[in-house]
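**Student:** got a predicted model here, sequence first, then my questions.
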Amino acid sequence: MSSHQRTSPSNYTRILSTFGFILSIYALYVEHRMSHPPDGDDEEFVALCDIDAIGASCSHAFTLPEGRLLTYLNIVPHDHFLDVPNAVLGILYYTSIFLLEQTMLRTYRTVVGSAYGW
């Protein structure tokens, strides 16, 4: 197997950042559903991460004060436009990591490619 066919650390970073992005989107969806239930919905919404067998409830954790980290740490006041759920911070973080990795990989390929005539 050549060195180009092996999975590089940058591939792992892209996979993990994509997975984190998807989980953050789902967390934002769960939080939205819990805080704004649709009208006429007879069935109660149960998130995939609410596991009764072990007493775990992510939807409850999202409603805790720690669920809005910037406000909890007194970085921004309550009801400020930056008073966002942690899921939004996760979306921004994982998107930044993914884009940074892409930029670094493109720069690396340009520098190394020009040095070795690739």
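**Tutor:** Sure, I can see it.

**Student:** okay, now Leu69: neighbour count?
**Tutor:** The tally of other residues near Leu69 (other CB atoms under 10 Å) stands at 15. C-beta here means a position set from N, CA and C on the backbone, and glycine is covered the same way.

**Student:** next one: the residue nearest to it when sequence neighbours are not counted from Glu44, what distance?
**Tutor:** Counting by CB to CB, 6 or more residues apart in numbering, Asn86 is the residue found nearest to Leu69 once chain neighbours are left out, at 5.3 Å. Applying CB to CB, to the nearest Å, the value for Asn86 to Glu44 is 24 Å.

**Student:** in terms of neighbours, single out the busier of these two.
**Tutor:** Neighbour tally, Asn86 and Glu44, criterion other CB under 10 Å: the higher count belongs to Asn86, 20 against 6.

**Student:** and that one, what is it in contact with?
**Tutor:** Applying CB atoms under 8 Å, 6 or more residues apart in numbering to Asn86 gives the contacts 27, 62, 66-69.

**Student:** what residues of stretch 50-69 count as buried?
**Tutor:** Within stretch 50-69, the residues that qualify as buried are 58-59, 61-62, 67-68, counting by 16 or more other CB atoms under 10 Å.
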